[in-house]
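A.B. asks: Below are the sequence and a predicted model for it; my questions follow.
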Amino acid sequence: MLTQELESTSQQLTQLQDEQTQCDRTLEYLRQEEKQLEISISNDSVGQRLQELKRELEQRQKELTSKKNQTKEYDRLAQQLDLLPYTDSTTFYAARTKGEKLKQDIDEALQTLVARRDDEIALRSDLQKQQAKLEDELKSLRSRKSQIPKTNLDIRDRLVRDLNLSQSDLPFVGELLQVRLEAQEWEGAIERLLRGFGLCVLVSEAHYQAVNAYVYRTDLKERLVYYRVTPAVTSPTQRALNPQQIPHKLEIKQDNDTFSQWLRDRLVRKFSYVCCDTVEQFQHETLAITRSGLLKHGAERHEKDDRFQISDRSQYILGWNNASKIRALETELKQINQELTQIDKKVQQLERDRAPTDATNIVAARLYEVC
């Protein structure tokens, strides 16, 4: 009984396998038929046109999607620039024209902001140079008593060091002269008159040859004026100084008789300017000076130098005490520091003003690209 069932089952399996094989063959045949039909369609003109239409449809669909995305991007950008969103070609071109004008205005505004910022930066650079120069000058002034500028002192220091001399051997005229207390109202005018002379170095006969040889062979990098000072014979009948003239209003440092006598003679010969209180007196004198710094050098030549204020002690060079000059330079340095602080604030504000304008410009440029 079991044997019969097994044989029956085996026959059924064999039959099923035969049917499966037949199905596989049929499926393979149908697939080949499908491929053949596809080949036939592709080679057929109608089929080729269908394929072209399909590709065109896909391309149009991509373009439509791109246009929709551009419209969304346009509306987003237009909203940021307070322009109307896209509705039709009329509003679109009107918005585009307005956008182009807006971009031009933004470009001009940016150029103005950048120019203002660059001007402030250039001014800051100039002030920083002045700041460094003042700090250097103050550092030098605090280490000495002389009011002579550091640049001039550096030349004298090189001479002193290389020739193994002392500073008192090569004094500046300005270190040996100062305005008397009772003539302080004339100090600014006298400082102007004697500035060039005060920056000259005096060289005694004993050191003249060595200094001359050194200056001859050395590139000093700066301007140096020096006088050869020879001992002068004091005249027993030497006239008293005129109280109205410059020499009487000056005090000469008495450290060296040769230098002091030479200075007295030089001041009398070259700087006997009459200090005039009125323009009428000024017109009458041959050599004259006013408190405002107006000079008369003989009958024809007149001069007035107002490049700095006559009371600006930072420009003074005469005397052997520089406390007042230090205070003047400290005040000037404080003012420059304040100006630098204000410039830094302006530059920062201009950068802040530029940031949103720059951002708007980017939006306007992007809008133009989208259009």
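C.D. replies: Here it is on my side, so go on.

A.B. asks: Against Leu153, how distant is Glu330?
C.D. replies: Distance, Glu330 to Leu153, by C-beta to C-beta, to the nearest Å: 19 Å. Any C-beta I mention is one placed from the backbone N, CA and C, and that applies to glycine too.

A.B. asks: Sorry, wrong one. I was asking about Leu287.
C.D. replies: Going from Leu287 to Leu153 by C-beta to C-beta gives 31 Å.

A.B. asks: neighbour-wise, which of these two wins?
C.D. replies: Counted by other C-beta atoms under 10 Å, Leu287 and Leu153 do not tie: Leu153 has more neighbours, with 18 against 15.

A.B. asks: I'd assumed Ser140 was in contact with the more buried one.
C.D. replies: Yes. Applying C-beta atoms under 8 Å as the test, Leu153 and Ser140 come out as touching, 6.9 Å apart.

A.B. asks: Can you list the neighbours in contact with stretch 193-212?
C.D. replies: Applying C-beta atoms under 8 Å, 6 or more residues apart in numbering, the external contacts of stretch 193-212 come out as 148-149, 152, 156, 159, 163, 165, 169-174, 176-177, 191, 224-231, 246, 256, 258-259, 262-263, 270-271, 273, 289, 293, 295, 315, 317-318.

A.B. asks: domain ranges for the protein?
C.D. replies: 48-144+335-371, 145-321 (automatic domain parsing).

A.B. asks: for the longest one, what is the average pLDDT?
C.D. replies: Domain 145-321 comes out with an average pLDDT of 93.

A.B. asks: Can you tell me the centre-most residue of the protein?
C.D. replies: Closest residue to the average C-alpha location of the chain: Ala122 at 3.1 Å, with C-alpha atoms, centre = their mean.

A.B. asks: I'd like to know which elements the strand or helix carrying that one is packed against.
C.D. replies: According to DSSP states H and E, Ala122 maps onto helix 89-141. Under the contact criterion of 3 or more C-beta pairs under 8 Å, 6 or more residues apart in numbering; DSSP states H and E, helix 89-141 touches helix 150-162, helix 323-370.

A.B. asks: Let's have these in TSV, adding distance to Arg117.
C.D. replies: Converted to TSV, these look like this (distance: least, C-beta to C-beta, whole Å):
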stretch	distance to Arg117
helix 150-162	33
helix 323-370	4
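
A.B. asks: Figure out which of the ones you listed is closest to Arg301.
C.D. replies: Closest to Arg301 of the helices and strands packed on helix 89-141, according to C-beta to C-beta: helix 150-162, at 26.5 Å.

A.B. asks: Can you tell me what sits against that closest one?
C.D. replies: For helix 150-162, the surrounding residues in contact (C-beta under 8 Å, 6+ apart) are 136-137, 140-141, 144, 146, 165-167, 169-170, 172, 199, 201, 211, 214-215, 218, 220, 222, 224.

A.B. asks: So which of the residues you listed belong to helices?
C.D. replies: Asp136, Glu137, Ser140, Leu141, Val211, Tyr214, Val215 (DSSP state H).

A.B. asks: what's the distance between the first one and Ile336?
C.D. replies: What that stands for is Asp136. Between Asp136 and Ile336 the computed distance is 13 Å (C-beta to C-beta).

A.B. asks: Those two: which is more packed in?
C.D. replies: Ile336 (17 against 12).

A.B. asks: Can you report how many residues lie near Ile246?
C.D. replies: If you count neighbours by other C-beta under 10 Å, Ile246 ends up with 25.

A.B. asks: Verify the stated contact: it with Arg192.
C.D. replies: No. Counting by C-beta under 8 Å, Ile246 does not reach Arg192; the two are 11.4 Å apart.

A.B. asks: Just the buried subset of the contacts of stretch 193-212, please.
C.D. replies: By neighbour count, with 16 or more other C-beta atoms under 10 Å, the contacts of stretch 193-212 hold 148-149, 152, 156, 159, 165, 169-174, 176-177, 191, 224, 226-227, 229, 246, 256, 259, 262-263, 271, 273, 289, 293, 295, 315, 317-318 as buried.

A.B. asks: Before I go, just wanted to say thanks for your time.
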